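Novice: give me coordinates for this.
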Amino acid sequence: MIKTKLRSIINAREAVQRLSRQTLPVTVSYRVTKLINAMNAELAVYESERIRLCEKYGRLNESKTSYIIPEGTEFSTEHSSLLDFDVELDAHKVKLPETMTITPADLICLDEFIEIEGVCDD
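Specialist: Numbers count the residues shown, from 1 in each chain. Got it, this is the predicted structure:
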């Protein structure tokens, strides 16, 4: 199980998608797939709650493509509280090969979800 905040999952979703497009050993690919499935389940709940907050505090624009949230509402406070929600993902950290290439930006986003073989945190 991975314990994290909903905010971390949202910040990591694009990086983990990029990771999923890499050619990896089968066991690593399996763990990446499990991680993505667990993240997607949490992201679906987040999205429904985010829309509920948008409906509560805002209104749809004329083209009905996004919400307009007026200043001075409690939207930001409630949304921030939602992002800070503690989450347990039904997945294990993904152990990436030391020889793999990954951008520093993706490494930062994925920090809670991956381990690098042969590297220990100092």
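Novice: which ones are touching the nearest residue to K95 once chain neighbours are set aside?
Specialist: Spatial nearest neighbour of K95, chain neighbours left out: E115 (4.9 Å); criterion: CB to CB, 6 or more residues apart in numbering. Where C-beta positions appear, they are placed from N, C-alpha and C, glycine not excepted. E115 makes contact with 93-96, according to CB atoms under 8 Å, 6 or more residues apart in numbering.
Novice: of those residues, closest to V16?
Specialist: Nearest to V16 among the contacts of E115: V94, at 8.6 Å, using CB to CB.
Novice: from the contacts of E115, list the buried ones, please.
Specialist: The neighbour-count criterion (16 or more other CB atoms under 10 Å) marks 94, 96 among the contacts of E115 as buried.
Novice: now, which of the contacts of E115 sits nearest M39?
Specialist: V94 (11.6 Å).
Novice: I figured the closest one hits L35, correct?
Specialist: Yes: contact criterion CB atoms under 8 Å: V94 and L35 qualify, at 5.9 Å.
Novice: tell me, what's touching the two both at once?
Specialist: With CB under 8 Å, 6+ apart, V94 and L35 have common neighbours F113.
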